[in-house]
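Enquirer: Below are the sequence and a predicted model; questions follow.
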Amino acid sequence: MSEYTYDLLVIGSGPAGQKGAIAAAKLGKRVAVVDRREMTGGVCVHTGMIPSKTLREAILYLSGFRQRTFYGKDYVVSDKISARDLAHRVQRVVEREVEVVHNQLRRNGVTSLVGTARFVDSHSVEVTPESSQPVRASAEHLLIACGTRSTCAPDIPLDGQCIFDADQLPEVNELPRELIVVGAGVIGLEYASMLTALDIKVTIIDQRPTLLDFVDREMIEALSYHMRRRGATFRLGETVTRVERDAQGRVVAHLESGKRVHGGALLYTVGRQANTDLLDLGAAGLGADPRGRILVNENFQTSVPHIYAAGDVIGFPSLASTSSEQGRLASGHMFGVNHRHVVPELLPYGIYTVPEISMVGRTEQQLTAARVPYEIGIAKYDELAKGQILGDETGLLKLLFDPESLKLLGAHAIGDGAAELIHIAQAVLAFGGTIEYFRDTVFNYPTLAEAYKVAALAGLNRL
Ligand SMILES: Cc1cc2nc3c(=O)[nH]c(=O)nc-3n(C[C@H](O)[C@H](O)[C@H](O)COP(=O)(O)OP(=O)(O)OC[C@H]3O[C@@H](n4cnc5c(N)ncnc54)[C@H](O)[C@@H]3O)c2cc1C
């Protein structure tokens, strides 16, 4: 009989915690997950991936955005779209997702401990519920999956309604006519671009001179072009020094260059901070970097080998997709099951801007820097029957391949369904395939997947 209450205790019920807990439970281990009652499912379900992607779908539907090619740029499904209309769909999806997480944990026999955890020593935690006495629990192994929260500079007077961060945005009651977005990372650009579909005038400010440097430049140029056409203004290479409300209640962002940007509201999406400050890491013999992130080895073990960490708390790439996998791998390693690790080059990236961007493998910039010769094959959605049917004039698929061996090196897509489409390239890359595969394969017709054939033929013609 073990001296501990559990074989594994997981702190946090986001994707990393859930998948880590369930993987251990499936091995017959006694597992508990700690989280606050209102946060079951993590940031992912409540303020991150699920609300933002549901909001995007609601906006694209109600604004009639996808139909405008046919019915004119002023076409709308609903004349007046309120924040409440959008929140309605978000709430439905969030409630359902919370239920799914609860059911999955329950079905797998995982105990849910409600409250905030902090370490007492390297094997025990104290769990403090909101309105009752703390309880203690111990475990042979622990998995820290406590995620992150938005951070804010002291000069940004967040009020949750006119000046808000990404965690607060799903709760905003009124949509502004003009929005200032500070921070042009993935989250800032996703929100900025979806709000332009509602004809909200968006000004995006970032101190970096370029957008999303890890993404293929052609995709970024296309995104900037389409956002500008919908009225977005980019102020790159500009630093916000101060934000205030003027006498009329409008928001003013003061820039280091002396400019002022005015808007009805401001979304602040600069950086996130790991939630390790609540954990009393020192009591377990652990530390964190200045942003609260925990360092782990390739098996997700911290410097205390029976304590693992996974998900956003360990930093890049900080995605729900990778966090889930890290949680599963961590718990496999702690109980002696060696799962195959994902090769980083095969990780897909989905950026849910409007239009959507997705990629797998290397970019032209990376190949050039590494002096790897490559050739390009491109298919535009408007060359495809499906592209015409959908009315997507923005879409593009670009394949990068070795001109000698014809092996696929990378794939980059922008447009409707890009994040789904990219998995075909991911499979071909994983199996070391050549672009001849796309030339010689029959795809359903009409589909966007046909873009692979068109791009492969275009690429081969260039040789
Ligand atoms: C706006 C936005 C959009 C996003 N869109 C996408 C997307 O499209 N695709 C994608 O793959 N990813 C997306 N992400 C990222 C994704 O949401 C995160 O990568 C993912 O949620 C991280 O999972 P996690 O398990 O590390 O932790 P989280 O989901 O952050 O959950 C951590 C949990 O730990 C709990 N916790 C913290 N401290 C304690 C404590 N002391 N005691 C008990 N519980 C504690 C918290 O309450 C929380 O529930 C998005 C994020 C944001 C913010």
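Expert: That came through, no problem.
Enquirer: Now for Asp74, how many residues are close by?
Expert: Taking other CB atoms under 10 Å as the criterion, the count of residues near Asp74 is 8. Just so you know, the C-beta spots here come from the backbone N, C-alpha and C atoms, and that holds for glycine as well.
Enquirer: helix/strand/coil for it?
Expert: Here Asp74 is recorded as coil under DSSP: H, G, I helix; E, B strand; the rest coil.
Enquirer: Near the ligand, which residues of the stretch 201-350 of the chain are found?
Expert: Proximity of the stretch 201-350 of the chain to the ligand, by CB under 6 Å from any ligand atom, involves residues Asn275, Leu278, Leu279, Gly311, Asp312, Val313, Ser318, Leu319, Ala320, Ser321, Ser323.
Enquirer: let's see 5 Å
Expert: Asn275, Leu278, Gly311, Asp312, Ser318, Leu319, Ala320, Ser321, Ser323 (CB under 5 Å from any ligand atom).
Enquirer: out of the residues you listed, who has the most neighbours?
Expert: When neighbours are counted by other CB under 10 Å, Gly311 leads these with 35 neighbours.
Enquirer: rewinding a little: go through the residues of the stretch 201-350 of the chain next to the ligand and flag which are in helices.
Expert: Ala320, Ser321, Ser323 (DSSP state H).
Enquirer: Touching, the first one and Gly48? I think so.
Expert: If I follow you right, that is Ala320. Yes: using CB atoms under 8 Å, Ala320 is in contact with Gly48, at 7.2 Å.
Enquirer: Now do the contacts for Ala330.
Expert: Going by CB atoms under 8 Å, 6 or more residues apart in numbering, Ala330 touches Ala16, Gly20, Leu143, Asn299, Phe300, Gln301, Tyr308, Ala309, Ala310.
Enquirer: Apply 10 Å and report the result again.
Expert: Neighbour list for Ala330: 8, 10, 16, 19-20, 23-24, 141, 143-145, 296, 299-301, 308-311, 314, 339 [criterion: CB atoms under 10 Å, 6 or more residues apart in numbering].
Enquirer: Helix, strand or coil: sort out it for me.
Expert: Ala330 - assigned by three-state DSSP - is helix.
Enquirer: ok, back up a step: Throw the residues of the stretch 201-350 of the chain next to the ligand into CSV and include pLDDT, thanks.
Expert: Output for these, formatted as CSV (pLDDT from 0 to 100):
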residue, pLDDT
Asn275, 97
Leu278, 92
Gly311, 98
Asp312, 97
Ser318, 94
Leu319, 95
Ala320, 96
Ser321, 94
Ser323, 97
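Enquirer: quick one: what helix or strand has Ala411 in it?
Expert: strand 408-414 (DSSP states H and E).
Enquirer: Moving C-terminal from that strand, which element do we reach first?
Expert: helix 418-430.
Enquirer: Does anything pack onto that following helix? Which helices or strands?
Expert: Identification of packing neighbours for helix 418-430 by 3 or more CB pairs under 10 Å, 6 or more residues apart in numbering; DSSP states H and E yields strand 349-351, strand 357-361, strand 396-401, strand 408-414, helix 436-440, helix 450-461.
Enquirer: and if we set it to 6 Å?
Expert: Applying 3 or more CB pairs under 6 Å, 6 or more residues apart in numbering; DSSP states H and E, one finds that helix 418-430 makes contact with strand 357-361, strand 408-414.
Enquirer: Of all those, which one comes closest to the ligand?
Expert: Across those, the ligand has its closest neighbour in strand 357-361 (10.8 Å, CB to the nearest ligand atom).
Enquirer: contact partners of the next helix or strand after that closest one?
Expert: As assigned by DSSP H and E, the chain's next helix or strand after strand 357-361 is helix 364-369. Residues outside helix 364-369 that contact it (CB atoms under 6 Å, 6 or more residues apart in numbering) are Tyr374.
Enquirer: Just the CA trace of the helix or strand following helix 364-369, in PDB.
Expert: Next helix or strand after helix 364-369 toward the C-terminus (DSSP H and E): strand 375-380. Extracted C-alpha coordinates of strand 375-380, given in PDB (Å, rounded to 0.1, in the frame of the first residue of the first chain):
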ATOM      1  CA  GLU A 375      11.300  25.100 -55.500                       C
ATOM      2  CA  ILE A 376       7.800  26.400 -55.000                       C
ATOM      3  CA  GLY A 377       4.400  25.300 -56.200                       C
ATOM      4  CA  ILE A 378       1.400  27.500 -55.700                       C
ATOM      5  CA  ALA A 379      -2.400  27.000 -56.100                       C
ATOM      6  CA  LYS A 380      -4.800  29.900 -55.700                       C
END
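Enquirer: What's the separation between the residue nearest to Gly271 when sequence neighbours are not counted and Asp159?
Expert: Take Gly271 and drop its neighbours on the chain: the residue closest to it by CB to CB, 6 or more residues apart in numbering is Thr151, 4.9 Å away. For Thr151, the distance to Asp159 equals 17 Å [CB to CB, to the nearest Å].
Enquirer: quick one, phi/psi of the most centrally placed residue in the chain?
Expert: Nearest to the mean C-alpha position of the chain, by CA atoms, centre = their mean, lies Leu319 at 4.8 Å. Dihedral pair for Leu319: phi -130, psi 150, per degrees, to the nearest 10.
Enquirer: quick one: the strands in the stretch 201-350 of the chain?
Expert: With strands called from DSSP state E, counting those that start in this stretch, the stretch 201-350 of the chain shows them at 201-206, 233-236, 240-245, 251-255, 260-263, 265-268, 272-274, 307-309, 349-351.
Enquirer: deepest of those, which one?
Expert: strand 307-309 (a mean of 28; mean count of other CB atoms under 10 Å).
Enquirer: average pLDDT across that strand?
Expert: Averaged across strand 307-309, pLDDT comes to 98.
Enquirer: what does stretch 246-256 give?
Expert: 95.
Enquirer: first vs last residue of it, how far apart are they?
Expert: In stretch 246-256, first residue to last residue: 18 Å (CA to CA, to the nearest Å).
Enquirer: Summarise which helices and strands whichever strand in the chain runs longest is packed against.
Expert: Longest strand in the chain by number of residues, with DSSP state E as the criterion: strand 135-144. Strand 135-144 sits against strand 6-11, strand 124-128, strand 307-309, with contacts defined as 3+ CB pairs under 6 Å, 6+ apart.
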